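Novice: Pasting a predicted model and its sequence here:
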2 protein chains.
Amino acid sequence: MPKVGMEPLRRKALIDATISAIGERGSLDVTMSEIAGRAGVSSALAHHYFGAKDELLLATMRHILAELTADMRRALRSATTARERVSAVVAVNFSDAQFQPETIAAWLAFYVEAQKSAALRRLLRVYARRLHSNLLSGLAGILPRSEADRVAEATAALIDGLYIRRALKDGVPNAATAIAVIEDYLETKLSRSAQ
Amino acid sequence: MPKVGMEPLRRKALIDATISAIGERGSLDVTMSEIAGRAGVSSALAHHYFGAKDELLLATMRHILAELTADMRRALRSATTARERVSAVVAVNFSDAQFQPETIAAWLAFYVEAQKSAALRRLLRVYARRLHSNLLSGLAGILPRSEADRVAEATAALIDGLYIRRALKDGVPNAATAIAVIEDYLETKLSRSAQ
DNA sequence: TTTTGTTGATTGATGCGTCAATAAAAAATA
DNA sequence: TATTTTTTATTGACGCATCAATCAACAAAA
């Protein structure tokens, strides 16, 4: 029952299927058949629309990043003070939309794959830089530059660390606690410098 | 030229080869032939000594963990005060022996694999608990219990986060800077509570 | 002659990517 | 409007490569 204009629908379905498959397996070791099956199509169609598997994975990562970026933009728009902006950046990373088991597993898996794939590495580096500059845009208004830079670095590391620990289902159990840990750090750091 | 008593030598060589292979590839996606080749033996011999590939990988992780544990014990032994003990735990994780690109890559790869392998998951969980309790043993002497717990959690997350960022060769460039970031956090946290 | 060390060759499974074939819609042509 | 042609959507089957794991066979020590 072929209809016209299926391409965008199939692409979306395949990317969603990729995320859920990776999330369930916990690694990028998912077959094209598995992904295609979840999307309700044959593996041949997945190849038809995405070419090689790498490209499907890359498109998937791009999609996850785009969602995160959009959420981030929204959150930053409603933040007025510099301090609020910092908290907004942190909060987005642990929002319901982002802090899902599947998404976390996908992040981790992509981090590993980035060591092999230059294209993926570039993508993740863009994200890392953006995160850093978003944090800095808030912190720079509160702390001296060099200090702000170090706090931004630590905050980013905390976010990554809490993600990885969540993936292992060890340590920090939920988003609220994760946010509390980071906010506690920020509060200590900021109030101390302010006085 | 078969001699007797080769088993321990071969096992060691194969585990070392596994670490270097994983470190270079940046993932567990290394073949038994590749590993065996690096160890200077045939893949059949690797199977002979370790059975399945999973077991070789598990033995490798166990080896990395054992080294870390030994280093940790040494470091803790020469620390006298509680504060020193905390710094010692942090320092060990970024010591020359541990903070090698290959080892870091292996850690990351094993973290991902742990989502598939229950045995590996158990192993990593043991390590996570031990790290936490080592940190706590120092912090508990300085901070109130609930506070100590949170700081230990944050410190562990920082360690993991800085590791992952190192793997991407983004952000924190060297061990000294990584330690500085964590010590800065600890100093802020401890001096503030102490006064 | 039994144990230990070792490998080349082989098997079986898995999975990516391709291709020819089919079917339905859309466009072009009569 | 009726027809042919082209484009778009889709898949089953298959080739080909990769690899884990096995096995039979051989070599040297005990």
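Specialist: Nice, thanks for sending it over. Residues are numbered from 1 along each chain as shown, chains lettered A, B, ... in the order given.

Novice: Are the longest helix anywhere in chain A and DNA strand C in contact anywhere?
Specialist: For chain A, the helix with the greatest residue count under DSSP state H is helix A:53-77. Yes: counting by C-beta under 7 Å from any atom of the strand, contacts between helix A:53-77 and DNA strand C involve A:53-54. (Glycine included, C-beta is placed from N, CA and C.)

Novice: any bit of that helix sitting next to DNA strand D?
Specialist: No: Helix A:53-77 stays clear of DNA strand D (C-beta under 7 Å from any atom of the strand), getting no nearer than 12.4 Å.

Novice: show me what contacts A:Arg122?
Specialist: Listed by C-beta atoms under 8 Å, 6 or more residues apart in numbering or on different chains, A:Arg122 has no contact partners.

Novice: in the helix or strand where it lies, what's buried?
Specialist: In this structure, A:Arg122 is located in helix A:118-139 according to DSSP states H and E. Buried residues in helix A:118-139, defined by neighbour count with 16 or more other C-beta atoms under 10 Å in any protein chain shown: A:120-121, A:123-124, A:127-128, A:131-132, A:134-139.

Novice: Would you quantify the distance from the closest residue to A:Trp107 other than its chain neighbours to DNA strand D?
Specialist: Leaving out its chain neighbours, the residue that sits closest to A:Trp107 by C-beta to C-beta, 6 or more residues apart in numbering or on different chains is A:Tyr163, at 6.2 Å. Remark: distance between A:Tyr163 and DNA strand D (C-beta to the nearest atom of the strand, to the nearest Å) = 29 Å.

Novice: and what of A:Ile22?
Specialist: 20 Å.

Novice: where does that residue fall, helix, sheet strand or coil?
Specialist: With DSSP: H, G, I helix; E, B strand; the rest coil as the basis, the three-state label of A:Ile22 is helix.

Novice: Could you do A:Val92 as well?
Specialist: Going by three-state DSSP: A:Val92 is helix.

Novice: returning to what we had before: the longest helix of chain A versus helix A:118-139: what angle between them?
Specialist: 10 degrees (axes from the mean of the first three to the mean of the last three C-alpha atoms, to 10 degrees).

Novice: list the contacts for A:Lys11?
Specialist: Actually, residue A:11 is Arg. It isn't Lys. A:49-50, A:59.

Novice: Quick check: buried residues in stretch A:57-64?
Specialist: A:57-61, A:63-64.

Novice: Please apply the same query to stretch A:158-174.
Specialist: Counting neighbours by 16+ other C-beta under 10 Å, the buried set in stretch A:158-174 is A:158-168, A:170-172.

Novice: Among the residues you listed, which pair sits farthest apart?
Specialist: Greatest spacing in the buried residues of stretch A:158-174, by C-beta to C-beta: A:Ile159 and A:Asp170 (16.8 Å).
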